[in-house]
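*Asks:* Provided below are the primary sequence and the corresponding predicted coordinates.
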Amino acid sequence: MRPYSRDLRLRVVQAYENREGSMRQLAVRFRLSLSCVRDLLTRYRATGGVAPKPPYGQIIQVCSCSKGYAPPYVLARLRIE
């Protein structure tokens with residue numbers, strides 16, 4: 001699922017700061033879940049921004065049984081030389 005647009009995120013924060021409704025009312029108004037509105041406002045208070053969380057990436061582990069060998073594409077991803 002893609003993150004919500006920056007514009008929508010800003011409108012939710014501005015509406016809450018302008019006291020245009022409770023979190024629950026804003027969730028209904030903007031067609032978001034209550035937890036989404038709550039998390040967005042919490043993130044805004046903590047960071048001062050409305051950027052989405054970074055996406056989760058794949059975790060690549062080099063097996064210890066490979067005796068230090070890993071394919072070049074793995075080394076490039078891990079930035080190990």
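*Replies:* Happy to help now that I have it.
*Asks:* pLDDT below threshold where in the chain?
*Replies:* When residues are selected by pLDDT under 70, those of the chain lie in 57-71, 75, 79-81.
*Asks:* next SSE after the helix ranked longest in the chain?
*Replies:* With residue count as the measure and DSSP state H as the assignment, the chain has helix 34-47 as its longest helix. Along the chain past helix 34-47, the next helix or strand (assigned with DSSP states H and E) turns out to be helix 72-78.
*Asks:* how far off centre is that next one?
*Replies:* Counting by Cα atoms, centre = their mean, to the nearest Å, helix 72-78 is centred 25 Å from the centre of its parent chain.
*Asks:* alpha carbons of it, as CSV, please.
*Replies:* What follows is helix 72-78 as a C-alpha-only set of coordinates in CSV (Å, rounded to 0.1, in the frame of the first residue of the first chain):
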residue,chain,number,x,y,z
PRO,A,72,28.8,-9.3,-5.4
TYR,A,73,25.2,-8.1,-5.4
VAL,A,74,24.9,-8.9,-1.7
LEU,A,75,28.1,-7.1,-0.9
ALA,A,76,26.9,-4.1,-2.9
ARG,A,77,23.7,-4.1,-0.9
LEU,A,78,25.5,-4.4,2.4
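*Asks:* tell me the helices and strands packed up against that helix.
*Replies:* Under the contact criterion of 3 or more Cβ pairs under 8 Å, 6 or more residues apart in numbering; DSSP states H and E, the helices and strands touching helix 72-78 comprise an empty set. For glycine as for every other residue, the C-beta is placed from the backbone atoms N, C-alpha and C.
*Asks:* ok so, going back, show me what the longest helix of the chain is packed against.
*Replies:* helix 6-17, helix 23-30.
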